[in-house]
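**Q** sequence and predicted structure are below.
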Amino acid sequence: MAVRLAEKPPIEDDLHACTMCGYCVPVCPPYREIGFESAAPRGKVYFMREFDKRGLGVVDWLLRRKTLPDAEFSKAVFECTACGACENICMADIPFDGLWQDVKEWMVDSGLGMPEQAPVFERVRETHNIYGEPHERRGAWLPKEARNDPSPEVVYWVGCAASYRKQRIAESVVKILNAARVRYRILGTGEWCSGAPLANMGFGSYVKKELMPRNIEAVAETGAKILVTACSEDVRAFLKDYRRWGGNPPFSVLHITQYVERLVSDKRLVFTKPLPNLKAAFHDSCAQGRVTGMYDAPRNAMKFLKGLVPLEMFPSKSDAHCSGAGAGFPLVFPDQASSLGAKRLQAAMDVGAQAVVTTCPHAEMHFEDIAKRQNIPLQTLDIAEVLAQAL
């Protein structure tokens, strides 16, 4: 049955700016795993440029060229972790991060999305979180010492992962905010999924129309001038995606490590409890690192901690390898995702680490699962947990 394509996003200028230099090929995580250029950005760009030439008609027919996007092409498009490495290295400055979101959205709107990822969208639409947990339980983790100030200086945006799967992260952030006597508000059921994972699975239309305006309004209504979160995906959503789509949140967006830097500088927070000589390798989250350019704040925050031995994995910062956890990639390509994560854990062990520390709850859970299945002797920790232990 013929595919009825949705309107193609306006990406022609970016596609034809590509010089086909191939710099993006070796840095692409799926390409490194399978070695097929169909998975690499250059291969996908080549196909879409050929699709733009489909008006040749007779030539295509004579050469039996297949240049119409179909399920096979769509699968190649979704063979992407949204790591941002292609944009980071592109000599033509093509904004690949947003481009792949747009192309995935085009595929989903054309009925060519990945069926393995569709349940995530349905869960968010029905329960406002990616796990399908009851929405009324979003704030069930709240400890008794949590303070919801009626006039907050900060909104703590918890996120789906910390609300339902990694409550230790949420509790750690509360401990940090309490120690600094910050006036904060936690929205509870007023908080919905930020939509960052959905946008990277091709469901950007829903995120733009439903989640983005609703979430910006929910935070703005509190009067707080700062949104703080411990989730790199939520940093990405508010700081990068919403602004690209014209959302323009009327408040600052900070990762908890950026806010910790500020609190320490303002002498509102002091870390006094030594850690037990923990050798910790820091993994740069793609969403927070390459996509938003936030490399220094987590490292600076770790320097405040006595007894912590911070280690750098190779490669790191803008060249850091992806964990394989992003963009719903493990749902469609589980073996590749597992291999990418295992290699990152091995990189941590190669520098003598006892633990991997990250700012992404999704990467943390991915690492944790791989370490358990493969009997890898490494702790996996969120940086908020490490900071809270030192208070």
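**A** On my side now, so go ahead. All of these numbers come straight from a predicted model, not from anything done at the bench.
**Q** going forward, measure contacts between C-alpha atoms and count neighbours the same way
**A** OK.
**Q** just give the nearest non-adjacent residue to residue 143, would you?
**A** Nearest residue to residue 143, sequence neighbours excluded (C-alpha to C-alpha, 6 or more residues apart in numbering): residue 171, at 7.1 Å.
**Q** next SSE downstream of the least confident helix or strand in the chain by mean pLDDT?
**A** Least confident element among the helices and strands of the chain, by mean pLDDT, DSSP states H and E: helix 58-63 (a mean of 53). Counting by DSSP states H and E, the next helix or strand C-terminal to helix 58-63 is helix 71-78.
**Q** point out where this protein drops to low pLDDT.
**A** Scanning the chain for pLDDT under 70 picks out 1-3, 54-67.
**Q** tell me how it divides into domains.
**A** In terms of domains, the chain is parsed into 12-109, 118-265, 278-389 (source: automatic domain parsing).
**Q** kindly reformat these as a markdown table containing distance to residue 271.
**A** Shown next, in a markdown table, are the domains of the chain (distance: least, C-alpha to C-alpha, whole Å):
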| stretch | distance to residue 271 |
| --- | --- |
| domain 12-109 | 33 |
| domain 118-265 | 9 |
| domain 278-389 | 6 |
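**Q** nearest to residue 272, out of those?
**A** Counting by C-alpha to C-alpha, residue 272 lies closest to domain 278-389 out of those; the figure is 7.7 Å.
**Q** residue 24 touches residue 86, doesn't it?
**A** Yes: if you go by C-alpha atoms under 8 Å, residue 24 and residue 86 touch, sitting 4.8 Å apart.
**Q** residues shared between the contacts of those two?
**A** Residues within reach of residue 24 and of residue 86 at once, by C-alpha atoms under 8 Å, 6 or more residues apart in numbering, are residue 41.
**Q** more neighbours: which of these two?
**A** Ranked by neighbour count (other C-alpha atoms under 10 Å), residue 24 and residue 86 place residue 86 first, with 25 against 20.
**Q** next one: the more buried one relative to residue 98, how far apart?
**A** Distance, residue 86 to residue 98, using C-alpha to C-alpha, to the nearest Å: 11 Å.
**Q** residue 40 now?
**A** For residue 40 relative to residue 98 (C-alpha to C-alpha), the value is 16 Å.
**Q** likewise residue 305?
**A** From residue 305 across to residue 98, the span is 36 Å (C-alpha to C-alpha).
**Q** same check, this time on residue 302
**A** Residue 302 is 31 Å from residue 98, where distance means C-alpha to C-alpha.
**Q** strands of the stretch 51-200 of the chain, start to end?
**A** Remark: strands assigned in the stretch 51-200 of the chain by DSSP state E, counting those that start in this stretch are 154-157, 184-186.
**Q** mind putting those strands into JSON lines with distance to residue 368 and mean neighbour count?
**A** Compiled in JSON lines, those are given as follows (distance: least, C-alpha to C-alpha, whole Å; neighbours: other C-alpha atoms under 10 Å):
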{"stretch": "strand 154-157", "distance to residue 368": "23", "mean neighbour count": "26"}
{"stretch": "strand 184-186", "distance to residue 368": "27", "mean neighbour count": "23"}
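**Q** using TSV, lay out those strands together with distance to residue 374.
**A** Putting those into TSV (distance: least, C-alpha to C-alpha, whole Å) gives the following:
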stretch	distance to residue 374
strand 154-157	33
strand 184-186	37
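**Q** between those strands, which one is closest to residue 148.
**A** Relative to residue 148, the nearest member of the strands of the stretch 51-200 of the chain by C-alpha to C-alpha is strand 184-186, separated by 4.6 Å.
**Q** packing partners of the closest one?
**A** strand 154-157 (3 or more C-alpha pairs under 8 Å, 6 or more residues apart in numbering; DSSP states H and E).
**Q** now the strand it packs on - C-alpha only, PDB.
**A** Only the C-alpha atoms of strand 154-157 are listed here, as PDB (Å, rounded to 0.1, in the frame of the first residue of the first chain):
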ATOM      1  CA  VAL A 154      12.800  28.300  42.500                       C
ATOM      2  CA  VAL A 155      10.600  25.600  41.000                       C
ATOM      3  CA  TYR A 156      12.100  22.200  41.300                       C
ATOM      4  CA  TRP A 157      11.100  20.300  38.100                       C
END
